[in-house]
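Enquirer: sequence first, then the predicted structure:
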Amino acid sequence: MTCDRLVCANCAGPVSEGRCEVCRAHRARMHQENPFSVLGSLSPAALAALLLTLIAVALLARQATA
């Protein structure tokens, strides 16, 4: 989960902007807990393309060594 679409209950602003102490604390905690936040922000199509690319590279490496 990313904090891009979260709304703070304290200041009613987007958490990603960090307008108040609550926003900044929550944003910092989310970024600490989720080291793979970049993968969470990718679309399903981008994740599928990444997976297919990795499979293609693995198959090419297998053929090159055989």
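Expert: Received the coordinates, thanks. Numbering: from 1, shown residues only.

Enquirer: this protein: helices as residue ranges?
Expert: In the chain, the helices defined using DSSP state H lie at 21-33, 37-40, 44-65.

Enquirer: name the stretch among these that sits most buried.
Expert: Compared across the helices of the chain, helix 21-33 shows the largest average neighbour count, a mean of 14 (mean count of other CB atoms under 10 Å). In short, each C-beta sits where N, CA and C put it, glycine included.

Enquirer: so which helix or strand of the chain has the lowest pLDDT on average?
Expert: Ranked by mean pLDDT, DSSP states H and E, the weakest helix or strand in the chain is helix 37-40, scoring a mean of 60.

Enquirer: ok, back up a step: worst mean pLDDT among the helices of the chain?
Expert: Ranked by mean pLDDT, the helices of the chain end with helix 37-40 at the bottom, a mean of 60.

Enquirer: mind listing what the closest residue to G13 other than its chain neighbours touches?
Expert: Among residues not flanking G13 along the chain, R19 sits closest, at 4.2 Å (CB to CB, 6 or more residues apart in numbering). If you count contacts by CB atoms under 8 Å, 6 or more residues apart in numbering, R19 has them with 8, 11, 13.

Enquirer: if we can go back for a sec, adding distance to D4, write the helices of the chain out as CSV.
Expert: Converted to CSV, the helices of the chain look like this (distance: least, CB to CB, whole Å):
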stretch, distance to D4
helix 21-33, 10
helix 37-40, 10
helix 44-65, 16
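
Enquirer: hmm, back to that, quick one: buried ones out of the contacts of R19?
Expert: C8 (16 or more other CB atoms under 10 Å).

Enquirer: out of the contacts of R19, which is nearest to A28?
Expert: C8 (13.4 Å; CB to CB).
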